[in-house]
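Participant: Need a 3D model of the following:
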Amino acid sequence: MATLDTTPSRVFDLSGGRLCLDFTNTVSSRDVKPRERLASYADLLAFARATSALDERLASRLLDEARRRPGDAEGVLRQAIALREALFRIFLARVEGREPAPADVAHLSAALSSALAHRRLTRQGEGYALGWDDASAALEAPLWPIVESAIELLTSGELERVRVCGLHESQECSWLFLDQTRARTRRWCSMKDCGNVAKARRHQARAKGGGGA
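Facilitator: Below is the predicted model of the structure:
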């Protein structure tokens with residue numbers, strides 16, 4: 001069998017600070033003209049590899065499995081998109097001080113139940129650790145660590161540090177991130193992108209208003 005290329009075919013921005021937040025950020029301009037980064041099951045595997053949610057060997061085996069079961073792979077991709085959007089709405093609601101929709105919480109709870117069915121206690125050195133069962137034929141395996149990441153964040157003291165990009169109000173960016181600054185003052189998903197856009201606009205506004213540079 002020819003060696004399968006598991007190098008990510010797309011570049012994923014991993015500035016969210018947590019796996020689940022990076023996952024919600026796999027679509028850009030969500031409210032205007034969405035730019036989808038998970039257009040295929042192979043893209044889902046590429047994201048899992050880029051974030052180390054799956055190792056290369058398992059990703060390669062799952063890509064083989066997806067080629068044998070394309071219909072099932074498409075179904076898992078739809079599950080992934082639905083999970084991503086539910087996670088986005090849940091975290092955005094918390095950022096905005098609202099209660100998440102019960103339907104979204106139920107969606108995540110069901111995904112958790114499915115993921116936990118594959119949790120296993122494994123031997124590690126002199127002790128034990130939590131791992132996953134054999135996922136070589138489980139096309140939904142890339143979703144398990146994402147669900148775990150979301151649950152860990154939602155039930156941790158770090159939840160209050162989740163932010164949405166400062167360009168969200170203008171519907172230009174809705175990426176989520178974990179503000180890990182000591183003063184909790186981070187406003188942009190990325191200073192080099194959205195941060196620079198906002199900075200340039202402030203400069204232009206000052207120039208037009210006669211405020212100088």
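Participant: CA atoms for contacts and neighbours, from now on please.
Facilitator: OK.
Participant: How about the contacts made by residue 75?
Facilitator: The contact partners of residue 75, by CA atoms under 8 Å, 6 or more residues apart in numbering, come to none.
Participant: Let me see the confidence value for it.
Facilitator: On pLDDT, residue 75 comes in at 97.
Participant: likewise residue 6?
Facilitator: 42.
Participant: buried set for stretch 128-139?
Facilitator: By neighbour count, and taking 16 or more other CA atoms under 10 Å as the criterion, the buried residues in stretch 128-139 are 132, 136, 138, 139.
Participant: Of those, which is the nearest to residue 80?
Facilitator: Out of the buried residues of stretch 128-139, the one with the shortest distance to residue 80 is residue 139. That distance is 10.9 Å, counting by CA to CA.
Participant: need the contact list for that closest one.
Facilitator: With CA under 8 Å, 6+ apart as the criterion, the residues that contact residue 139 are 62, 65, 66, 72, 73, 76.
Participant: how many other residues sit next to residue 107?
Facilitator: Residues within reach of residue 107, counting by other CA atoms under 10 Å, total 15.
Participant: ok, now the one 5 residues further on?
Facilitator: A count of nearby residues for residue 112, using other CA under 10 Å, gives 19.
Participant: okay but it is in contact with residue 148, surely?
Facilitator: Yes: taking CA atoms under 8 Å as the definition, residue 112 is a contact partner of residue 148 at 7.2 Å.
Participant: out of all of them, which helix in this protein is the longest?
Facilitator: The longest helix of the chain (DSSP state H) is helix 70-95.
Participant: show me where the chain has helices.
Facilitator: Read by DSSP H, the chain holds these helices, from start to end of the chain: 19-24, 41-50, 56-68, 70-95, 102-116, 143-154, 196-208.
Participant: does residue 176 have beta-bridge partners, and which?
Facilitator: Here residue 176 sits in beta bridges with residue 164, as judged by DSSP bridges.
Participant: For the spatially closest residue to residue 104 that is not a sequence neighbour, list the residues it contacts.
Facilitator: By the measure of CA to CA, 6 or more residues apart in numbering, the closest residue to residue 104 outside its immediate chain neighbours is residue 86, 5.1 Å from it. Residues in contact with residue 86 (CA under 8 Å, 6+ apart) are 104, 105, 107, 108.
Participant: Please report the distance of residue 86 from residue 50.
Facilitator: Counting by CA to CA, to the nearest Å, the gap between residue 86 and residue 50 amounts to 22 Å.
Participant: low-confidence ranges in the protein?
Facilitator: For the chain, the stretches with pLDDT under 70 are 1-10, 191-193, 195-213.
Participant: Apply 80 and report the result again.
Facilitator: Counting by pLDDT under 80, the ranges of the chain that qualify are 1-11, 31-32, 190-193, 195-213.
Participant: which residue is nearest the middle of it?
Facilitator: For the chain, the residue sitting closest to the mean C-alpha position, by CA atoms, centre = their mean, is residue 23 at 1.0 Å.
Participant: Quick check: closest non-adjacent residue to that residue.
Facilitator: Residue nearest to residue 23 in three dimensions, not counting chain neighbours: residue 84, with 6.6 Å by CA to CA, 6+ apart.
Participant: Give me the distance between that neighbour and residue 21.
Facilitator: When CA to CA is the yardstick, residue 84 and residue 21 sit 9 Å from each other.
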